[in-house]
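Engineer: 3D, please:
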Amino acid sequence: MVETLRLSPVISTYPDDKYENLLIEVLLPGVEKKDVSFKLTSDSFYVSGKKEGVSYLDSYPTDCPVVPEKAVAKYSNGVLKVTVPYQEPLEKLVDVKIE
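Structural biologist: Numbering: from 1, shown residues only. Predicted structure coming up:
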């Protein structure tokens, strides 16, 4: 029986030059595109990838709220690159009535 080594992928997150988008880079060496999964919420993301004998998976918080519906991802040579816009400040605030 072959055991699967479970690892957290190497990630890097940083804003773009105009501070409008969060850029996420995930290193998944040797993993094919069809074996990669990336899920995103407004405040975190989850990534997984598998190749023979190795399973990469983990979840991470984003540094500020983002708009997951507008995310764009590209995968090439074992590197997943995701660009997602930050939410506008105060965009999701709800006015609470004070009694």
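
Engineer: mind listing what the residue sitting furthest away from the middle of the chain touches?
Structural biologist: Distance from the centre of the chain peaks at Glu99, with 40.6 Å (CA atoms, centre = their mean). Glu99 makes no contacts at all, as judged by CB atoms under 8 Å, 6 or more residues apart in numbering. Where you see a C-beta, it was placed from the backbone N, CA and C, and this is true even at glycine.

Engineer: now the strands for the protein?
Structural biologist: Assigned by DSSP state E, the chain shows strands spanning 5-7, 10-15, 21-27, 36-40, 44-51, 54-61, 72-76, 79-85.

Engineer: Contacts made by the shortest one with the rest, please.
Structural biologist: So that's strand 5-7. Contact partners of strand 5-7, identified using CB under 8 Å, 6+ apart, comprise Gly53, Val54, Ser55, Tyr56, Leu57.

Engineer: Do you know the pLDDT at the spatially most central residue of the chain?
Structural biologist: By CA atoms, centre = their mean, the chain has its centre lying nearest to Phe45, at 4.3 Å. With respect to pLDDT, Phe45 scores 98.
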